[in-house]
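1. next come a sequence and a model predicted from it.
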Amino acid sequence: WVVRVTGNFQSETALNSFAAQALVAALDSGWADSKKIGQVPSKAANLRANAMESLATNLGIKAEQIEITGEVGLGYFLALGGFLTPDRKLFYGAGDRSGAIATARSHLGPSEVLPLNSQGRLDFTNIEVSRNSVLSFQLANGETGVINKISDNLPEDLLIAVDATASGSRIPLPVKWSSAVFDSRSWEGPAGVGVIAISDSANWRNPLPHISAARRTYGTFSLPLLIASAVALENFRPDDSNIRGLTKKLRDGVKGAIPSAMVAGNLEESMPHLTSFVFPNCNGEEVLRGLSVRGLAVDSGSACTAMNLQPSHVLAAMGLATDGNVRVTLHAQTTAEEVDLLITALVDEVQSQQQR
């Protein structure tokens, strides 16, 4: 028998209904190679241009700054790796996504890790960011939702590669940015669409093996998925005010019943829909299994390595325990009744474990 899902609190959500309709329509008209000559390719080229313009408008950037990749993970390497040269020092955050950290570790020049403070924000206090350097800057953390801010004392020539995969269109890019990478899924778009924006093209070089310097990516992506992503972004209405209220209800309800529970990050300085709990004397995976039996889906472990439930490097960097981690994502469709159901079930599962 199969347990019916009564509440989806995982990071993934169903494709926006308008985007789903657009995807079906685009499969009929967006299959041609837009770079070729002919009536059908010309139609595909127009669809591509319109989708790119729509994405740019809704993300607050220019269409000519955008590149598309079919793999978001590649976006980290392109957006950050394009600025890395052996003579440039790289600064990156202890809570960065695994793709950014992997790129940082492949850097042939000097590098330094920016620590997180107890609230999960990048801590520039004891870091001197030097001239002729690159900063890997995570706009908001995908696990805790904590929003980072650019330090006021940074060199004018600093190149800033922004990771906006968690924040999407919810938070505007900082005034000074050199590149950025977005994930279509952050605005209820389809998987398989990574949006890369390059503002400082004078200092960016394609880090991939290439023959033509004019090409900034391989350009292999699904046009129907791109169109669906643009439509999803056009129709993305997260209702953050309501979601923030539901998240506060969730946090207060769980903390009220389990005083030992810890929450990563301050809600007032975070995106409204994410909560990362730490429950002492608990196994996060077992809590997940218990909730799953009740038809409730949540996440645990590190947001970027959840496939094998690795301990959260973000929580560790904040000085928090990594055992008993449960991560909850609220969506625009989430109701107050579903949150009440989750609070009751989560408290019951945690207390049952703690009393064993």
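-> Looks like it came in fine. Numbering: from 1, shown residues only.
2. so what secondary structure elements neighbour the lengthiest helix in the chain?
-> In the chain, taking DSSP state H as the definition, the longest helix is helix 39-59. Judged by 3 or more CB pairs under 8 Å, 6 or more residues apart in numbering; DSSP states H and E, helix 39-59 is in contact with helix 17-29, strand 66-69, strand 194-198, helix 223-234. C-beta here means a position set from N, CA and C on the backbone, and glycine is covered the same way.
3. contact partners of that helix?
-> With CB atoms under 8 Å, 6 or more residues apart in numbering as the test, helix 39-59 has contacts from 26, 29-35, 62-63, 65-66, 68, 169, 173, 182, 195, 197, 223, 226-227, 229-231, 233-234, 236.
4. go on, stretch 106-122?
-> With CB under 8 Å, 6+ apart as the test, stretch 106-122 has contacts from 81, 84-95, 104, 123-124, 127, 137-138, 141, 144, 146-149, 264-266, 269, 314, 317-319.
5. which residues does the nearest residue to A20 once chain neighbours are set aside contact?
-> In space, and not counting its chain neighbours, A20 is closest to A228: 7.3 Å by CB to CB, 6 or more residues apart in numbering. By CB under 8 Å, 6+ apart, the residues touching A228 are L15, A19, A20, A22, L23, A26, G189, P190, V193.
6. which one of the residues you listed is nearest A297?
-> Taking CB to CB as the measure, A297 lies nearest L15 of the contacts of A228, at 16.6 Å.
7. would you mark the buried spots in stretch 329-342?
-> Buried residues in stretch 329-342, counted by 16 or more other CB atoms under 10 Å: T329, L330, H331, T334, E338, V339, L341, L342.
8. actually, stretch 139-150.
-> Buried, per 16+ other CB under 10 Å, within stretch 139-150: L139, A140, N141, G142, E143, T144, G145, V146, I147, N148, I150.
9. how about stretch 225-240 as PDB, C-alpha atoms only?
-> Extracted in PDB, the C-alpha atoms of stretch 225-240 (Å, rounded to 0.1, in the frame of the first residue of the first chain):
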ATOM      1  CA  LEU A 225      12.000  23.700 -20.500                       C
ATOM      2  CA  LEU A 226      13.400  27.200 -21.000                       C
ATOM      3  CA  ILE A 227      10.000  28.400 -22.100                       C
ATOM      4  CA  ALA A 228       8.300  26.700 -19.100                       C
ATOM      5  CA  SER A 229      10.800  28.300 -16.800                       C
ATOM      6  CA  ALA A 230      10.100  31.800 -18.100                       C
ATOM      7  CA  VAL A 231       6.300  31.200 -17.800                       C
ATOM      8  CA  ALA A 232       6.800  29.900 -14.200                       C
ATOM      9  CA  LEU A 233       8.800  33.000 -13.300                       C
ATOM     10  CA  GLU A 234       6.200  35.300 -14.900                       C
ATOM     11  CA  ASN A 235       3.500  33.700 -12.700                       C
ATOM     12  CA  PHE A 236       5.500  33.100  -9.500                       C
ATOM     13  CA  ARG A 237       3.400  34.600  -6.600                       C
ATOM     14  CA  PRO A 238       5.000  33.200  -3.400                       C
ATOM     15  CA  ASP A 239       2.800  35.200  -1.000                       C
ATOM     16  CA  ASP A 240       5.800  35.600   1.300                       C
END
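10. show me where pLDDT drops low in the stretch 251-356 of the chain?
-> In the predicted model, the stretch 251-356 of the chain carries pLDDT under 70 at residues 302-310.
11. in it, which spans are helices?
-> 284-293, 313-317, 336-354 (DSSP state H, counting those that start in this stretch).
12. so what touches the longest one?
-> Defining contact as CB under 8 Å, 6+ apart, one finds that helix 336-354 is touched by 6-7, 9, 246, 249-250, 253-254, 257-258, 261, 277, 279-283, 286-287, 290-291, 294, 296, 298, 324, 326, 328, 330.
13. picking up where we left off before, ok, of the contacts of stretch 106-122, which come out buried?
-> 81, 84, 88-95, 104, 123-124, 137-138, 141, 144, 146-148, 264-265, 314, 317-318.
14. among those, which are in strands?
-> The strands, defined by DSSP state E, take in K89, L90, F91, Y92, G93, F137, Q138 from the buried ones among the contacts of stretch 106-122.
15. can you lay out those as CSV showing pLDDT and distance to L159?
-> Output for these, formatted as CSV (pLDDT from 0 to 100; distance: CB to CB, whole Å):
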residue, pLDDT, distance to L159
K89, 97, 11
L90, 97, 10
F91, 97, 10
Y92, 96, 12
G93, 96, 15
F137, 97, 10
Q138, 96, 15
